[in-house]
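>>> What would the 3D arrangement of this be:
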Amino acid sequence: MNRKEYIAGLDIGTTKTCCVLADVDLASSAIEILGAGLAPSEGVRKGVVVDLDSTTQSIRAAVDDAQKQAGNIQIRTVVVGVTGEHVSSLNSRGVIAIASEDNEISSLDVERVVEASRVIVLPPEREIIHSIPRGFIVDGQDGIKDPVGMFGGRLEVETHIVTGSTAFLDNVVKCVQQADLAIDREVLEQIATGIATVQDAERDLGVALIDIGGGTTNVALFIDGVILYTAALPIGGSHVTKDIAVGLRSSAEEAERVKIEYGCASMDMVGEDELFQVSRLSADEPSELPRSLLASIIEPRMEEIFEKIREELIKSGYQGMLPGGAVITGGGAILPGVVDMAEKLLSMPVRLGLPRGVGGQIDSVNTPIHTTAVGLAMYAAKQHLDLRSKQKTAKLKGGLRGLFKLFTRRDQ
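A predicted model of the protein is given here:
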């Protein structure tokens, strides 16, 4: 029997496309990273596909790189991250009556009540991506996380419903298919990134996850162990790069290089005599400029990003319920000084989020850039393990029922 399952997470971002290939041991549940691929992303703007061919090429390049690192293991299906302004969320409620004779709640009842919560009015151009249970209520008793096996006549659920534009989602599917791949499932990026970076204790306590990508900044709030709020802000690291390109009169590629090599989030971190070189447009030779000039361009934009995040936390209504602080990740979190700026402007403790809970070639993905792709692979692994567990349970129950019937016939 094959005791391992190959899985792949694909993060199609505004500035880069990342693919992480892993395997999950079906016996021990251990997840090992086998390879990771990274490719520039040319056809995506603010999390939305705007050029099918360019996006397809980026996917192929990232997947090929991951396969080579993994020893030429061929990827057939991927779990794809979804983000962008088109994604929105709302909270819903479902109610059912327990139909079994003994009123014992089964996993089928849970599926039924969650499905009931999905019955909402949506415009024809939108579809549901996720329906995430926030908590169950049995005969008026709330605060229940898993009602299976309990007894009751009425089961209710509160769910967090995530929806997206059908057209935008279809474009992602088409790009993946053009890259000769099939989609296992589409997953909201905040959920995947949270799996890779947020600790269970932080989820229970109350924590904000902030993922600063190239074109968008994703926000997710976890309280009492479940996700309660999600948002995608149309601003990210590519805006910083553009500011640098305009301020220094350089190409976008040169601005990105300068940002990575010499950038920081605060002018206070730069000495007066520090210099850096940059190739400017219409100049034959590189220019030598004070690093404080670069910091003066970056700092206002980073402050704007965190101000918008603060406004989103206030808008959520959960700002005062996050004693766990914030976990910040994504490519925009790499800039020196970002964590300190976030703590100051958000008025809460902040830590840098890196992939956790995986083994294998961890060094190849141990950066904020890879957290979403790693989280997508971890999400897929959990789905495989949960399905295997349900199959075992169903098989066991079927066997026990058969054994019970056998003894019943013999007793008669």
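>>> quick one, helices of this structure?
Taking DSSP state H as the test, the helices found in the chain are 52-69, 107-117, 166-178, 189-197, 200-205, 237-248, 252-262, 291-316, 338-346, 371-411.
>>> low pLDDT regions in the chain?
Low-confidence segments of the chain, defined by pLDDT under 70: 1-3, 387-412.
>>> ok so, going back, take the helices of the chain and write them to TSV, including mean neighbour count and distance to Val270.
Placement of C-beta: from N, CA and C, glycine included. Listed next are the helices of the chain as TSV, based on neighbours: other CB atoms under 10 Å; distance: least, CB to CB, whole Å:
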stretch	mean neighbour count	distance to Val270
helix 52-69	20	34
helix 107-117	17	52
helix 166-178	17	40
helix 189-197	28	29
helix 200-205	15	32
helix 237-248	20	14
helix 252-262	18	9
helix 291-316	18	5
helix 338-346	19	14
helix 371-411	16	28
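>>> With distance to Asp25 added, can I get those in a markdown table?
Output for the helices of the chain, formatted as a markdown table (distance: least, CB to CB, whole Å):
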| stretch | distance to Asp25 |
| --- | --- |
| helix 52-69 | 19 |
| helix 107-117 | 24 |
| helix 166-178 | 27 |
| helix 189-197 | 18 |
| helix 200-205 | 21 |
| helix 237-248 | 35 |
| helix 252-262 | 36 |
| helix 291-316 | 38 |
| helix 338-346 | 34 |
| helix 371-411 | 9 |
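>>> Those: which one's closest to Gly37?
helix 52-69 (2.9 Å; CB to CB).
>>> Alpha carbons only: can I get that closest one in CSV?
Extracted C-alpha coordinates of helix 52-69, given in CSV (Å, rounded to 0.1, in the frame of the first residue of the first chain):
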residue,chain,number,x,y,z
LEU,A,52,-3.6,34.4,-19.5
ASP,A,53,-0.5,33.5,-21.5
SER,A,54,2.0,35.3,-19.2
THR,A,55,0.3,33.8,-16.1
THR,A,56,0.5,30.3,-17.6
GLN,A,57,4.2,30.7,-18.4
SER,A,58,4.9,31.8,-14.8
ILE,A,59,3.0,28.7,-13.5
ARG,A,60,5.0,26.4,-15.8
ALA,A,61,8.3,27.9,-14.7
ALA,A,62,7.5,27.6,-11.0
VAL,A,63,6.2,24.1,-11.3
ASP,A,64,9.2,22.9,-13.4
ASP,A,65,11.6,24.4,-10.8
ALA,A,66,9.8,22.6,-8.0
GLN,A,67,9.8,19.3,-9.8
LYS,A,68,13.5,19.5,-10.6
GLN,A,69,14.3,20.2,-6.9
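>>> Now find how far off-centre that helix is within its chain.
Its chain's C-alpha centre and that of helix 52-69 lie 20 Å apart, by CA atoms, centre = their mean, to the nearest Å.
>>> Who are the packing partners of it?
Applying 3 or more CB pairs under 8 Å, 6 or more residues apart in numbering; DSSP states H and E, we find helix 52-69 packed against strand 4-12, strand 16-25, strand 31-40, helix 166-178.
>>> could these be laid out in JSON lines, adding distance to Val63?
Below are those laid out as JSON lines (distance: least, CB to CB, whole Å):
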{"stretch": "strand 4-12", "distance to Val63": "7"}
{"stretch": "strand 16-25", "distance to Val63": "5"}
{"stretch": "strand 31-40", "distance to Val63": "6"}
{"stretch": "helix 166-178", "distance to Val63": "10"}
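>>> Grab the most central residue of this protein for me.
Residue closest to the average C-alpha location in the chain (CA atoms, centre = their mean): Glu189, at 2.6 Å.
>>> circling back: so which of the helices and strands packed on helix 52-69 comes closest to Leu376?
With CB to CB, the closest approach to Leu376 among the helices and strands packed on helix 52-69 belongs to strand 4-12: 2.8 Å.
>>> Who are the contact partners of the closest residue to Gly135 other than its chain neighbours?
In space, and not counting its chain neighbours, Gly135 is closest to Glu158: 5.4 Å by CB to CB, 6 or more residues apart in numbering. Residues counted as contacts of Glu158 (CB atoms under 8 Å, 6 or more residues apart in numbering) are 91-93, 117, 133-137.
>>> next one: Ile235
By CB under 8 Å, 6+ apart, the contact set of Ile235 is 216-217, 304-305, 308.
>>> I'd like to know which of the contacts of Glu158 are part of strands.
If you go by DSSP state E, the contacts of Glu158 have 91-93, 133-137 in strands.
>>> and which of those is nearest to Arg203?
Nearest to Arg203 among those: Arg134, at 12.4 Å, using CB to CB.
>>> With that, I have no additional questions.
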